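>>> Got a predicted structure plus its sequence, pasted below:
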Amino acid sequence: MKIIVDKKGLLKFIDSIRKKYRLIAPVQKDEGLFFDAVSNTSKIVFDYINPKNTAKEFFFPIKDPILRYDSDSIEEVKKSKENIAIFGIRPCDARALSVMDKVFNWDTKDGLYDNRRKNALLIGFGCNKAGDHCFCTSFGYGPHESKDVDVMVYQLGKDEFMVLGVSKRGVGCVVSGKKASPVHESRRKELEKGIVFKKKMDVDKVYKKLDTVFDSDYWTGASFHCIGCGTCTFLCPSCHCFCMSDERNIRYRIWDSCQFACFTKHTSGHNPRPTQRERYRQRVYHKFSYYKKNFGEHLCVGCGRCTLHCPMKVDIFSIANGTLDINEK
Amino acid sequence: MGMNEEIGRIAGDLFAKKKIDVFLGYCHDEHVGARPIYISSGDTDLKKKIEQLMFDEHCVMSLPGFLGRLRGERVGIVAKGCDIKCIIGLLQEHQVSRENLVIVAVECDHVKWKGEEMDKCKYCDVHKPDFYDHIMKGARVRDNVTADKKKKIFSVLEKYEKMTSAEKLAFWKKQAKKCIRCYACRQACPLCFCQECAAQQNVPKYIPDVANENANYMWLMNRAYDLAGRCTGCMECDRACPVGIPWYLLNRKMAKTIAVNFGFVSGKKENIGKKTPLSDWSEDDPDKWVR
């Protein structure tokens, strides 16, 4: 059921969720807009394209203790009983979680990740404008997609929001307000239609093209200005590579990045991806080719963070799209 | 002839006379605006790429960092005053050879990142560079902040230096908490050229990998020491850091400490041929243990 509430009503609803969940929402920090724990709902920001960090870090933390050991015992770290609710997650970030679910449940079920996913409540927030680098519509969904969240919120006017329960858990959340009419729904559709995207890619064409251009010289020039800082992968909502590190007597799973030279370095010293050319190409292939081959969906969701925050302005959209212009055998 | 055409003319000339193999400059991209461009003599669209060359206030990215990847090749490079400081640093530490390098200097008033003028430009002493092969005159360029205004060069530190030691420690611990250990700072740094970074060494493990406050703090301080007397204040780390750690402040503080104690300022052309202060010793050193 779709409910219409004013901002006060929406905040009251969000506040009521805090009884059962630890609330995460976009808040303004000195360094920019970030998803963070919120204790006062008045701090929540409503006008934004996307926070700098993504929702993935609440399910796949940057450092995740997996086991403790000493000289004669090993014990697994107990699963957290804490439930989190994320308000303000955009359709792209929510989509990224659904896409990542597949790899975390591929050969082995990832208990820590699944446990957090199972207990979380995602409250999506539809976009009313697109950022310069957004291209979600290229992937067969859009800025008002509600499939991947539990509750979806749309802003219809300055003080008017439409709340919609999507999953069973989402429907179970109590929202008090008046019932939405078809007029509200058509206004939502209008708003969605009015969003202008500067970027649009034919991802299926790129997917096919990538099968033929792996060895092209194109990659040398296209990604030369990549400095391998890994910012793109760390701020990506769906990049999920990790490594293990032991500290004192705890084994952690920590984030890693395919953009790092040591990511593929063998013990022998040999590195199958010796330069940034191969590393950047890997990122493009993983996003637009390999993942679809393995799991049927593209790993990129088109949120645009990697381009927006890249210090060298490496643009994955132009580079992937640019492969279509390669004319070599 | 405008500056953009002039840069293109020089690049074209250098390629035609076979003086360079690679040219590094900036171009305008329809999606992202100004960005670095890599032109190789073997490019089939060489002419088209040369025509794209340009320079404006959005060309903030530093190009000398790429020189490490082009060892053995002859490179033409577009460089602002601050970039030339980095090139001098690389020359001083024998990372590039002068004969393989053609520096196309640009006079630059200021550069912007995400719509704002960079802090470094406010304290810039190289609007008009003095070390180059070709120079592109800027239309409107501020005067250099000169040596007698040295205080101004470090005035970004004014507020910071008023803090007590305890406050400073708390400040940096707070910054360390934010760090996600992506090493964007290191990758962006033109002078971080180690083949293998101490942070990634396993045996011995100098800095733990896990992103916690203490390990991150070690990384911050390790990097500050490594760059003391070497950092030229190009601000690339500051700009690249996805979580907003004020690297510029940290590295400026180290630069000032070096300037006060050793009378050494990095990025000056007189430095070429000399060692950096922390990799050298002197009989006049006030500390006995050094001698």
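Here it is on my side, so go on. Just so we're clear, the structure is a prediction, and the values are computed from it rather than from any experiment.
>>> Could you pull up the residues touching the spatially closest residue to residue B:168 that is not a sequence neighbour?
Spatially, and ignoring its direct neighbours in sequence, residue B:168 is nearest to residue B:160 (7.5 Å; Cβ to Cβ, 6 or more residues apart in numbering or on different chains). For every residue, glycine as well, the C-beta is placed using N, CA and C. When the contact criterion is Cβ atoms under 8 Å, 6 or more residues apart in numbering or on different chains, the partners of residue B:160 are B:168, B:171, B:249, B:253.
>>> mind putting those residues in CSV, secondary structure and pLDDT included?
What follows is the contacts of residue B:160, written out as CSV (DSSP: H, G, I helix; E, B strand; the rest coil; pLDDT from 0 to 100):
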residue, secondary structure, pLDDT
B:168, helix, 95
B:171, helix, 95
B:249, helix, 94
B:253, helix, 94
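>>> Out of those residues, the closest to chain A would be?
residue B:171 (12.1 Å; Cβ to the nearest Cβ).
>>> isn't the closest one right next to residue B:163, touching?
Yes: between residue B:171 and residue B:163 a contact is recorded at 6.6 Å, counting by Cβ atoms under 8 Å.
>>> Tell me the buried residues in stretch B:152-164?
B:153-154, B:156 (16 or more other Cβ atoms under 10 Å in any protein chain shown).
>>> For the closest residue to residue A:101 other than its chain neighbours, which residues are in contact?
Take residue A:101 and drop its neighbours on the chain: the residue closest to it by Cβ to Cβ, 6+ apart is residue A:117, 6.7 Å away. Taking Cβ under 8 Å, 6+ apart as the contact definition, residue A:117 lies against A:59, A:97, A:101.
>>> Among the residues you listed, which one is most surrounded by other residues?
Comparing those by number of neighbours (other Cβ atoms under 10 Å in any protein chain shown), residue A:97 comes first, having 26 neighbours.
>>> now the helix or strand hosting it, how far from the chain's geometric center?
When elements are defined using DSSP states H and E, residue A:97 is found to belong to helix A:91-104. How far helix A:91-104 lies from its chain's middle: 7 Å, per Cα atoms, centre = their mean, to the nearest Å.
>>> residue boundaries of the helices in the stretch 51-200 of chain B?
Assigned by DSSP state H, counting those that start in this stretch, the helices in the stretch 51-200 of chain B fall at B:81-92, B:119-122, B:150-153, B:158-161, B:165-178, B:184-188.
>>> Would you single out the least confident of these?
Ranked by mean pLDDT, the helices of the stretch 51-200 of chain B end with helix B:150-153 in last place, scoring a mean of 65.
>>> what's the distance between the closest residue to residue A:136 other than its chain neighbours and chain B?
On the basis of Cβ to Cβ, 6+ apart, the spatially nearest residue to residue A:136 that is not a chain neighbour turns out to be residue A:302, at 4.1 Å. With the distance defined as Cβ to the nearest Cβ, to the nearest Å, residue A:302 ends up 13 Å from chain B.
>>> wait, residue A:302 sits on residue A:131?
No: with contacts counted by Cβ under 8 Å, residue A:302 stays clear of residue A:131, the gap being 10.2 Å.
>>> Show me the chain divided up by domain.
All of this is about chain A. Under the assignment automatic domain parsing, the domains of chain A span A:2-193, A:203-325.
>>> Chain B is the one I meant
Looking at automatic domain parsing, the domains of chain B come to B:3-145, B:153-275.
>>> right, and these - which one's nearest residue A:223?
Of all those, it is domain B:3-145 that lies closest to residue A:223, at 9.2 Å by Cβ to Cβ.
>>> count of neighbours near the residue of the stretch 1-150 of chain A found nearest chain B?
Here the stretch 1-150 of chain A gets closest to chain B at one residue, residue A:31, 2.9 Å apart by Cβ to the nearest Cβ. Residues within reach of residue A:31, counting by other Cβ under 10 Å, total 15.
>>> and what of the one 10 residues further on?
Residues within reach of residue A:41, counting by other Cβ under 10 Å, total 17.
>>> Also the one 10 residues further on?
For residue A:51, the number of neighbouring residues by other Cβ under 10 Å comes to 25.
>>> Same check on residue B:7?
Neighbours of residue B:7 under the rule other Cβ under 10 Å: 24.
>>> Got the confidence number for it?
96.
>>> From chain A, how far off is the residue lying closest to it once chain neighbours are set aside?
Setting aside the residues directly before and after it, residue B:7 is nearest to residue B:53 in space (Cβ to Cβ, 6+ apart), at 4.8 Å. When distances are taken as Cβ to the nearest Cβ, residue B:53 and chain A turn out to be 14 Å apart.
>>> Return the residues in contact with residue B:53.
Residue B:53 is in contact with B:4, B:7-8, B:11, B:23, B:25-27, B:37, B:39, B:78, counting by Cβ under 8 Å, 6+ apart.
>>> again, only this time at 6 Å
Residue B:53 is in contact with B:7-8, B:11, B:25, counting by Cβ atoms under 6 Å, 6 or more residues apart in numbering or on different chains.
>>> and if you look at residue A:288?
Under the criterion of Cβ under 6 Å, 6+ apart, the contact partners of residue A:288 comprise A:206-207, A:320.
>>> picking that back up, and residue A:302 and residue A:131? Which one has more around it.
More crowded of residue A:302 and residue A:131, by other Cβ under 10 Å: residue A:302, with 25 against 18.
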